[in-house]
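> Sequence below, structure please.
(2 chains)
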Amino acid sequence: MNAVLFLHVLVAMFLGGGLIGAAICARFELWSVARWSAAAALAATIVAIGLGEGLAADERVSAGWVDASRGLAVFGLLLGGAGLVIATGSSRVRRLAAPWAAALIVIALATAFVMAAKPS
Amino acid sequence: MTTGQWLIGFHVVGAFLFVSGGVAVGVLHALATRRERPSEVAFLLGLTRPAVAIVGAGALLTLALGGWLVHHERFGWGDGWISAALVLWLVAVVLGGIGGRSARHTRYLAEQLAAGGDHPSEELQRELTDPVARTMNYASFLCVVAVLALMVWKPGA
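As a prediction, this is how the structure comes out:
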């Protein structure tokens, strides 16, 4: 189980790296790299959620902090990440891409905090 | 929430900033090595600066709250996994600092070349692909990954 946990955290950290890269590149209008970074972050989100669900199922964890982190990951990072990929590609909403990516970084950090602190 | 929960929560947030910032720096640096025009190289290396600041903030937060956690949870500084993590953290920061210094020097060179006609330069390409700096950066990242492994497995705890 430790190996899955290690991979889960490592992939989540790569997800954070993708979001930081997307935020910086969007801020400086380097759109191709911003979109590539956002897509990499979205792929990492899917892998991290899959590994996290595997961990929760194996350890049979059922607690408020799991539900909270699941909500943040699915409704924040997954849907928000898909939106960021679209935002970095469409010229009409590109101006929202940098603050959007910054908001996703905050959500990623909040998710990490909840999963580490296990408040409930 | 207990003090220990707050500490572990923000300790992990610091670790996320540390590693995620490092990933972003690595990606932007790798992109710079693929460009030939000095102005493009200088621009891309300049973009690493906010990510480097995130790495620094994360490294400090991780160390400070990790130390506090050791005290609060009554771990021993002499425990193998804790002392190994501290040494690896220090090695990662030193190697990353040396690699970062080389990247800063490369950026200055790219800015000078950009101001002087913006022609591709062999010297700039050599600096960008310097194997010593690259090795330092990869070794620094591997040390951080090793610290993460120690924190997950906690051997001997």
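
> helices and strands around the helix or strand encompassing A:G71, which ones?
Take DSSP states H and E as the rule and A:G71 turns out to sit in helix A:64-71. On a contact count with 3 or more Cβ pairs under 8 Å, 6 or more residues apart in numbering or on different chains; DSSP states H and E, helix A:64-71 meets helix A:31-59, helix A:97-117. Every residue, glycine included, has its C-beta placed from N, CA and C.

> Pull out the buried residues from that helix.
Buried positions in helix A:64-71, judged by neighbour count with 16 or more other Cβ atoms under 10 Å in any protein chain shown: A:65-66, A:68-70.

> now it, how far from the centre of its chain.
Chain-centre distance of helix A:64-71: 14 Å, with Cα atoms, centre = their mean, to the nearest Å.

> how about the residue in chain B sticking out farthest from the centre, phi and psi?
Distance to the chain centre peaks in chain B at B:G117, reaching 32.6 Å (criterion: Cα atoms, centre = their mean). With angles defined as degrees, to the nearest 10, B:G117 sits at phi 120, psi -20.

> now do the one 4 residues further on
Summarising the backbone geometry of B:S121 under the convention degrees, to the nearest 10, its torsions are phi -130, psi 140.

> Show the model's pLDDT score for it.
At B:S121, the pLDDT value in this model is 92.

> Just give me the residue right at the centre of chain A.
In chain A, the residue lying closest to the centroid (Cα atoms, centre = their mean) is A:L77, at 4.1 Å.

> Sorry, wrong one. I was asking about chain B.
B:G22 (4.4 Å).

> Please, which helix or strand holds it?
Under the criterion of DSSP H and E, B:G22 resides in helix B:3-33.

> which other helices and strands contact that helix?
Taking 3+ Cβ pairs under 8 Å, 6+ apart as the contact cut, helix B:3-33 packs with helix A:2-27, helix A:31-59, helix A:97-117, helix B:38-72, helix B:131-153.

> same thing but at 7 Å, please
helix A:2-27, helix A:97-117, helix B:38-72, helix B:131-153 (3 or more Cβ pairs under 7 Å, 6 or more residues apart in numbering or on different chains; DSSP states H and E).

> Let's have those in a markdown table, adding mean neighbour count and distance to B:G78.
Shown next, in a markdown table, are the helices and strands packed on helix B:3-33 (neighbours: other Cβ atoms under 10 Å in any protein chain shown; distance: least, Cβ to Cβ, whole Å):
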| stretch | mean neighbour count | distance to B:G78 |
| --- | --- | --- |
| helix A:2-27 | 23 | 23 |
| helix A:97-117 | 21 | 25 |
| helix B:38-72 | 19 | 10 |
| helix B:131-153 | 17 | 15 |
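
> What residues does chain A have near chain B?
A:2, A:5-6, A:9-10, A:13-14, A:16-17, A:20-21, A:24, A:28, A:33, A:37, A:109, A:112-113, A:116-119 (Cβ under 7 Å from any Cβ of the partner chain).

> ok so, going back, return the member of the buried residues of helix A:64-71 nearest to chain B.
Nearest to chain B among the buried residues of helix A:64-71, counting by Cβ to the nearest Cβ, is A:W65 at 9.8 Å.

> give the contact list for that closest one.
Counting by Cβ atoms under 7 Å, 6 or more residues apart in numbering or on different chains, A:W65 touches A:114, A:118-120.
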